[in-house]
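*Asks:* What would the 3D arrangement of this be:
(one chain, ligands or ions: 1)
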Amino acid sequence: MPLHVLCRIRNIGIMAHIDAGKTTTTERMLYYSGYTRALGDVDDGDTVTDFMAQERERGITIQSAAVTFDWKGYRINLIDTPGHVDFTVEVERSLRVLDGAVAVFDASAGVEAQTLTVWRQADKHHIPRICFLNKMDKNGASFTYAVDSIKEKLKTKPLLLQLPIGEAKTFKGLVDIVTKEQIIWNPASSLDDGKVFEQKPVTETDDPELLKDVRDARNALIEQVADLDDEFAELVLGNFSENFDFLPADKLQSAVRRVTLAQKAVPVFCGSALKNKGVQPLLDAVTMYLPAPNECSYDFLPWYKDDLCALAFKVLHDKQRGPLVFIRIYSGTMKPQSAVYNINKNCTERMSRLLLPFADQQIEIPSLMAGNIALTVGLKQSATGDTIVSSKASAVAAARRAGREVGRKPGCNSEVESLLLAGVEIPEPVFFCTIELSSVSKQPDLDNALNCLQREDPSLKVRIDPDTGQTILCGMGELHIEIIHDRIKREYGIETYLGPLQIAYRETILDSVQATDTLDRTIGDKRHLVTTQLGVRPWAGERSSVTPVIEYADNFMEPLQKDIQEAIENGINSSYLQGPLLGFPVQDIAVTVYSMTMHSETSLTMISACVSRCMQKALKKASKQLLEPLMNLEITVSEDLLSAVLGDLAQRRGSIQEIQSRQDNKVVVAAVPLAEMMGYSTVLRSLTSGSATFTLELASYQAMNIQEQNALLQKRSGLVMLTE
Ligand SMILES: Nc1nc2c(ncn2[C@@H]2O[C@H](COP(=O)(O)OP(=O)(O)OP(=O)(O)O)[C@@H](O)[C@H]2O)c(=O)[nH]1
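*Replies:* Residues are numbered from 1 along each chain as shown. Now for the predicted structure:
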């Protein structure tokens, strides 16, 4: 793609605490750029980006939607990010595909908890940011307070590029510190949609006081930027040390851009999206200070040269067109009516159409080049997080280049695969519950709905309880499962009931045992007779795994026919999913199949059934152990609140691994059983007045001690008795 075009693309996200106004801000952006003709209002539930029914009703953004629009010759691809901690995967997923972000704040509240979490995630992904202090019209709005809170809580250097004119009820416009121009929105405009505003230099005669404030702010800004950028410091000291007034605006803008891209500071802007003030200058700031795709570096780009490499970052289901897959193209060109290769699924798929998601319309396009975001129609296998390339050969070539590349850096070999796939790491779901239908006849519809939902959201897993045949939903948290439940009803029209939310435990065995089983059944005129002997033992391999290691005794049924081997392994695989203690999957076991004799008419299904029964017998005989999910917990907290947080962790069977210092904050790295973390966000919020944030991810499964195990078994058997 020609560089001059690439330079004019901005892939940006809007991130914020719930209710800070990111949806309203997005709507205004679409309106001013001409993509919507009416102003959407979150409170009336008619916005473009919050399109899922629950979002409209609850007024929160759940799924990130991508929207494309043009602003003054720039193509802006805007990815909305959700604000709830249960949707961290959504946030991480969108952070991967964007190059810069706008953090939206409520100017009366300053930095709030969720902004902290997303801010830290953006730090992790090295995403340059600008800040927008929204709601300047609101009672209690304070520019100074919000800026101080950004400085203190986000430990960053805010660069004030604007000052508000008025605050709360008196808010009417702003001053651009760089150009020393004031922008006043015209209250006399008949429509009052904010399209009309007056822009003129601040002058001594008009407003000497304002001019003084602007000069002071500009001088402070210049000094601040000079401290962060040597090139600019040289320029300032060389030519303008006597009087900063003569320093050209474009020189200051370029320096602010450099420090923003280097993430040394964040420019701050202000306005009121709801009252239609400040959004156009914010759009200018997006194009001016946030990076173009060619200014971001990606490890994997050289591996693909100019071949196609794209990441599927979102899947939506459209009743007419089937799955719509949002993709970000990193290199090469994508064309409709072409075959593409999905590395994760190891399959070739045909894409029928390529669309740009312009506001609520999708526009068909003949091709799209690197740096862009688009919607594809026709990809039936691709799911969120998959890497898409032009062909298998291209993937192989890229892998070869990656091997060479990584080979040069010792110790990176094991990462080749994950880097090549460039996907989003999906944490293991740790919560589950049953989902039931009021009428069995709807089961195929429910299966279809769950299939679609899983492709959209890889953090949702669905399984069937082999005993009861019940469908089980596994997810990341309570809200996550609740939203899925809601969507099944609204989008697929299926009424379902959820069982109580439970933790996903695992089981294992502590000793080696053997078992023999015979199945003898006559169906019609066929006799199915099979006897098998197998042994199970604890597997102390490197990685804990729910897939058992399967071995065959020497001389076992030589030559072993492929279909029989498959039947045996199906039998084994179906049985370890349900452990003997509480029916949780069994992990870290090895199975040896010693012998099998059978009547010639025995079907493969019967072989599987016999092996499965024999496995269950063996597992029952062994000494058993329950394993519980152990979570990696990372809490970022200010030093003065550290002891309160540590005191609380001690009561949660938490083991502190490390306490790091990050700027003025402390980062506590600990391992805590999930069972102790229920409702932790509320506890942490009240312990630290909402100033601390945490992330939680599955570390491993660890053995429970005998008292805890017994307590759990008792509780569960109590439950069984109660429900029976
Ligand atoms: N006073 C005032 N209210 C605003 C402004 N912008 C948004 N709001 C209101 O704040 C509430 C939340 O706005 P949204 O745009 O839905 O905020 P959001 O950040 O998208 O919220 P989530 O999607 O829930 O994360 C709504 O009632 C808006 O009308 C503003 O500039 N001033």
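*Asks:* how many neighbours does residue 555 have?
*Replies:* Residue 555 is flanked by 7 other residues according to other CB atoms under 10 Å. (Glycine included, C-beta is placed from N, CA and C.)
*Asks:* How about whichever residue of the stretch 201-350 of the chain sits closest to the ligand: what's its closest non-neighbour residue?
*Replies:* Per CB to the nearest ligand atom, residue 274 is where the stretch 201-350 of the chain lies closest to the ligand, at 3.3 Å. Nearest-residue entry for residue 274: residue 24, 5.6 Å, with adjacent residues in sequence omitted and distances by CB to CB, 6 or more residues apart in numbering.
*Asks:* Output the contacting helices and strands for the helix or strand harbouring that neighbour.
*Replies:* In this assignment (DSSP states H and E), residue 24 forms part of helix 22-32. Secondary-structure packing of helix 22-32 (3 or more CB pairs under 8 Å, 6 or more residues apart in numbering; DSSP states H and E): strand 9-16, strand 66-71, strand 74-80, strand 100-106, strand 129-134, helix 279-289.
*Asks:* right, and the residue nearest to residue 274 touches residue 275 too?
*Replies:* No. Look at residue 24 against residue 275 with CB atoms under 8 Å: they stay out of range, at 10.0 Å.
*Asks:* Which of the helices and strands packed on helix 22-32 has the highest mean neighbour count?
*Replies:* strand 129-134 (a mean of 28; mean count of other CB atoms under 10 Å).
*Asks:* Outside of it itself, list whatever touches it.
*Replies:* 20-21, 24-25, 100-107, 119, 122, 143, 146-147, 150, 158, 260, 263, 266-273, 278, 282, 285-286, 289-290 (CB atoms under 8 Å, 6 or more residues apart in numbering).
*Asks:* Then stretch 441-449?
*Replies:* Taking CB under 8 Å, 6+ apart as the rule, stretch 441-449 contacts 435, 437, 471, 488, 491, 492, 494, 496.
*Asks:* How about the first one: which residues does it bridge to?
*Replies:* Listed beta-bridge partners, residue 435: residue 471, residue 498 (assigned using DSSP bridges).
*Asks:* on that earlier part again, next, count neighbours for the residue of the stretch 201-350 of the chain closest to the ligand.
*Replies:* Residue 274 - counted by other CB under 10 Å - has 20 other residues nearby.
*Asks:* three-state assignment of it?
*Replies:* At residue 274 the chain is in coil, as set by DSSP: H, G, I helix; E, B strand; the rest coil.
*Asks:* For it, give me its contacts.
*Replies:* 21, 24, 135, 137.
*Asks:* I'd say residue 292 and residue 75 touch.
*Replies:* No. Contact criterion CB under 8 Å: residue 292 and residue 75 do not qualify, at 9.9 Å.
*Asks:* Now do the shared contacts for the two.
*Replies:* Common neighbours of residue 292 and residue 75 (CB under 8 Å, 6+ apart) are 8, 9, 10.
*Asks:* residue of the stretch 401-550 of the chain with the smallest distance to the ligand?
*Replies:* residue 479 (12.6 Å).
*Asks:* before we move on, back to that, looking at residue 24 and residue 275, which one has more neighbours?
*Replies:* residue 24 (25 against 18).
*Asks:* restrict the contacts of residue 274 to those near the ligand?
*Replies:* 21, 24, 135, 137 (CB under 6 Å from any ligand atom).
*Asks:* For residue 127, state which of these is nearest.
*Replies:* residue 21 (20.2 Å; CB to CB).
*Asks:* all strands for the stretch 501-650 of the chain, in order.
*Replies:* Using DSSP state E, counting those that start in this stretch, the strands of the stretch 501-650 of the chain run over 502-503, 506-509, 513-523, 526-538, 549-552, 589-598, 624-638.
*Asks:* List the residues that contact the residue nearest to residue 194 when sequence neighbours are not counted.
*Replies:* Nearest residue to residue 194 in three dimensions, chain neighbours excluded: residue 276, at 2.6 Å (CB to CB, 6+ apart). For residue 276, the contact set (CB under 8 Å, 6+ apart) comprises 28, 39, 185, 192, 193, 194, 195.
*Asks:* wait, what's in contact with the nearest residue to residue 456 once chain neighbours are set aside?
*Replies:* Spatial nearest neighbour of residue 456, chain neighbours left out: residue 315 (4.5 Å); criterion: CB to CB, 6+ apart. Residues counted as contacts of residue 315 (CB under 8 Å, 6+ apart) are 323, 324, 325, 326, 382, 383, 384, 455, 456.
*Asks:* distance between the ends of stretch 347-361?
*Replies:* Terminal residues of stretch 347-361 are spaced 30 Å apart (CA to CA, to the nearest Å).
*Asks:* which other residues reach it?
*Replies:* 30, 35-36, 48, 51, 65-69, 324, 326, 334-342, 362-368, 373-382, 391-392.
*Asks:* Residue 705: which of the shared contacts of residue 292 and residue 75 is nearest?
*Replies:* Using CB to CB, the shared contacts of residue 292 and residue 75 come closest to residue 705 at residue 10, 53.7 Å.
*Asks:* ok, so what distance separates that closest one from residue 164?
*Replies:* 25 Å (CB to CB, to the nearest Å).
*Asks:* for residue 239, same thing?
*Replies:* 31 Å.
*Asks:* try residue 440
*Replies:* 61 Å.
*Asks:* Compare the two (neighbour count), which wins?
*Replies:* More neighbours surround residue 164 than the other of residue 440 and residue 164, with 26 against 9 (other CB under 10 Å).
*Asks:* Would you check that that one makes contact with residue 144?
*Replies:* No. With contact taken as CB under 8 Å, residue 164 and residue 144 are classed as non-touching, separated by 9.8 Å.
*Asks:* ok, now which ones touch residue 135?
*Replies:* Residue 135 touches 20, 21, 106, 107, 108, 141, 272, 273, 274, counting by CB under 8 Å, 6+ apart.
*Asks:* Look up phi and psi at it.
*Replies:* When quoted as degrees, to the nearest 10, the phi and psi of residue 135 stand at phi 60, psi 30.
*Asks:* Least confident secondary structure element in this protein?
*Replies:* Every helix and strand in the chain was compared by mean pLDDT, DSSP states H and E; the lowest is helix 416-421, with a mean of 44.
*Asks:* Dump the helix ranked longest in the chain to PDB, restricted to CA.
*Replies:* Using DSSP state H to define each element, the chain has its longest helix at helix 208-228. The C-alpha trace of helix 208-228 is given here as PDB (Å, rounded to 0.1, in the frame of the first residue of the first chain):
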ATOM      1  CA  PRO A 208      -6.700  39.800  28.400                       C
ATOM      2  CA  GLU A 209      -7.200  37.400  31.200                       C
ATOM      3  CA  LEU A 210      -7.900  34.400  29.000                       C
ATOM      4  CA  LEU A 211      -4.900  35.400  26.900                       C
ATOM      5  CA  LYS A 212      -2.700  35.300  29.900                       C
ATOM      6  CA  ASP A 213      -3.900  31.900  31.000                       C
ATOM      7  CA  VAL A 214      -3.400  30.600  27.500                       C
ATOM      8  CA  ARG A 215       0.200  32.000  27.300                       C
ATOM      9  CA  ASP A 216       1.100  30.500  30.700                       C
ATOM     10  CA  ALA A 217      -0.400  27.100  29.700                       C
ATOM     11  CA  ARG A 218       1.500  27.200  26.400                       C
ATOM     12  CA  ASN A 219       4.800  28.100  28.000                       C
ATOM     13  CA  ALA A 220       4.300  25.300  30.500                       C
ATOM     14  CA  LEU A 221       3.400  22.900  27.700                       C
ATOM     15  CA  ILE A 222       6.500  23.800  25.700                       C
ATOM     16  CA  GLU A 223       8.800  23.300  28.700                       C
ATOM     17  CA  GLN A 224       7.100  20.000  29.400                       C
ATOM     18  CA  VAL A 225       7.500  18.700  25.900                       C
ATOM     19  CA  ALA A 226      11.100  20.000  25.700                       C
ATOM     20  CA  ASP A 227      11.900  18.000  28.700                       C
ATOM     21  CA  LEU A 228      10.700  14.800  27.000                       C
END
